[in-house]
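>>> Dropping a prediction and its sequence here:
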Amino acid sequence: MFMKKIVDDARICLLKQLYRYYRMGVSCLLLSPTLRSILEPALSSPSLEISAAEGDFMSVVDLDICGMTEIFKLSFSPKDTWEFYLYLKSINTLSRLLLSPYQLLTLQYCTAETLVHLAFTMANNTLCCTHKNKNIPYIEELYLEQNVSQHNGDTLLSVSPFVIVEMLSVLSHYRLSNRSRCLKSLTDLQTLLLYDDGIYVPLELRDLSWQILGICQHVVGDLHGALHSYEESLRQQPYNRIKEATQIRIECVKQQLQENIEKVGLDLIKTCEAIIQHHKPDPIWNPQAKRKRGHPTDYCEVLCVN
């Protein structure tokens, strides 16, 4: 209606005013002198009764559920960095507008989804393949789990986004040789799994979540911690059906631990030999041997004394 008649700042002011009326609801009609003169007598009449048709109203909980259901139906699958750029540019433009609470929530969800997909692409060199008309992102560190899960009939792995974010943080800082940030993210991930009661990491997704913690600990060299996390993964509900992958990783860690023990044993033997060689007593001349055998420069016998 006002697209061509009102432009620039005037249009923005008008939209803000209309939105204010929208937020006020039906009571905005009382701002009109004409309507106010008609409505006020009727509203102030003691004989006026307004029936509460409870069946026509939705509870706040039901309304939130409907809103979240619609939001979660949104899907984002950018194919390249150019599409990521367009998504982020659109999000930046929408963030400057005056949005309702549900619109703002939807925009925040879209932003998070876009950034998660972008993180997969940039931090992990995501390799995408098409399977049953669905794009499945492959993460190098989860390649074994994805193969086992697909072999068992599942095309996708289910994991909490909070766990994925911490995993990406650990791996990214590790590859950037930022050890302090890497260990901090690893601690945050471990704390999340130890103390969360299902709010951030659903109980049915704990098998892969503990597996991811073990993988991160394995990458940074904490073999004992990784072994504990893998064993904890086996004790969880096998929702993602990755038991075979967990068993393979446990055997790998045990083999590395055994190799480390053998290496430590060899290093200890070499160290002891070096210490003995360093403290070996110096030889001394035996004068009697010199007299028996002739000139001292021809032969020499030595005695080792402790």
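Noted; the coordinates are in hand.

>>> From residue 221, how far off is residue 250?
Going from residue 250 to residue 221 by C-beta to C-beta, to the nearest Å gives 17 Å. All C-beta spots, glycine's among them, are computed from the backbone N, C-alpha and C.

>>> Same question for residue 186.
According to C-beta to C-beta, residue 186 and residue 221 sit 11 Å apart.

>>> quick check, residue 208 in a strand?
No: with DSSP: H, G, I helix; E, B strand; the rest coil as the criterion, residue 208 is helix rather than part of a strand.

>>> going forward can the numbers begin at 896, since that is how I track them
Got it, first residue is 896 now, which makes that one residue 1103.

>>> hang on, isn't it packed against residue 1049?
No: contact criterion C-beta atoms under 8 Å: residue 1103 and residue 1049 do not qualify, at 10.9 Å.

>>> More neighbours: these two, which one.
Neighbour count, other C-beta atoms under 10 Å: between residue 1103 and residue 1049, residue 1103 has more, with 29 against 15.

>>> per-residue confidence for the more buried one?
We have a pLDDT of 93 for residue 1103.

>>> Where does the record place the domain boundaries for this protein?
Per automatic domain parsing, the structural domains of the chain span 896-936, 960-1157.

>>> Pass me the low-pLDDT residue ranges in the protein, would you?
Applying pLDDT under 70 to the chain flags the ranges 896-902, 938-955, 970-972, 1017-1033, 1173-1201.

>>> where do the helices sit along it?
Applying DSSP state H to the chain gives helices spanning 903-919, 928-939, 955-967, 976-990, 996-1019, 1038-1046, 1056-1070, 1074-1090, 1101-1115, 1118-1129, 1138-1173, 1182-1188.

>>> Out of those helices, which is the most enclosed?
Of all the helices of the chain, helix 1101-1115 has the most neighbours on average by mean count of other C-beta atoms under 10 Å, namely a mean of 24.

>>> just how off-centre is that helix within its chain?
Centre-to-centre, helix 1101-1115 and its host chain are 11 Å apart (C-alpha atoms, centre = their mean, to the nearest Å).

>>> In terms of secondary structure, what does it contact?
The contact analysis (3 or more C-beta pairs under 8 Å, 6 or more residues apart in numbering; DSSP states H and E) places helix 1101-1115 against helix 1056-1070, helix 1074-1090, helix 1118-1129, helix 1138-1173.

>>> Can you tell me what sits against stretch 923-935?
916-917 (C-beta atoms under 8 Å, 6 or more residues apart in numbering).

>>> Centre of the chain to it, how far?
With C-alpha atoms, centre = their mean, you get 55 Å for stretch 923-935.

>>> Check stretch 1153-1169 too.
For stretch 1153-1169, the distance to the chain centre is 38 Å (C-alpha atoms, centre = their mean).

>>> Kindly export it (C-alpha atoms) in CSV.
Taking Å, rounded to 0.1, in the frame of the first residue of the first chain, the C-alpha atoms of stretch 1153-1169 are listed here in CSV:
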residue,chain,number,x,y,z
GLN,A,1153,51.5,-51.4,25.2
GLU,A,1154,53.9,-50.0,22.7
ASN,A,1155,54.5,-47.0,25.0
ILE,A,1156,55.3,-49.4,27.9
GLU,A,1157,57.7,-51.4,25.8
LYS,A,1158,59.3,-48.2,24.6
VAL,A,1159,59.6,-46.9,28.1
GLY,A,1160,61.3,-50.2,29.1
LEU,A,1161,63.8,-50.0,26.3
ASP,A,1162,64.6,-46.3,27.2
LEU,A,1163,65.0,-47.3,30.8
ILE,A,1164,67.5,-50.0,29.9
LYS,A,1165,69.5,-47.6,27.7
THR,A,1166,69.5,-45.1,30.5
CYS,A,1167,70.8,-47.6,33.0
GLU,A,1168,73.5,-48.7,30.6
ALA,A,1169,74.5,-45.1,30.0
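
>>> tell me the contacts of residue 1141?
Taking C-beta under 8 Å, 6+ apart, one finds 1102, 1106, 1125, 1128-1129 in contact with residue 1141.

>>> How about residue 1078?
Residue 1078 makes contact with residue 1115 under the criterion C-beta under 8 Å, 6+ apart.

>>> One more pass at 10 Å, please.
1065, 1068-1069, 1115, 1117 (C-beta atoms under 10 Å, 6 or more residues apart in numbering).

>>> got it, and residue 1005?
Taking C-beta under 10 Å, 6+ apart, one finds 966, 969, 971, 982, 985-986, 989 in contact with residue 1005.

>>> Make TSV from the helices and strands packed on helix 1101-1115 and add distance to residue 909 to it.
Output for the helices and strands packed on helix 1101-1115, formatted as TSV (distance: least, C-beta to C-beta, whole Å):
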stretch	distance to residue 909
helix 1056-1070	40
helix 1074-1090	47
helix 1118-1129	58
helix 1138-1173	60
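
>>> of those, which approaches residue 1038 most closely?
With distances scored as C-beta to C-beta, the stretch of the helices and strands packed on helix 1101-1115 nearest to residue 1038 is helix 1138-1173 (9.5 Å).
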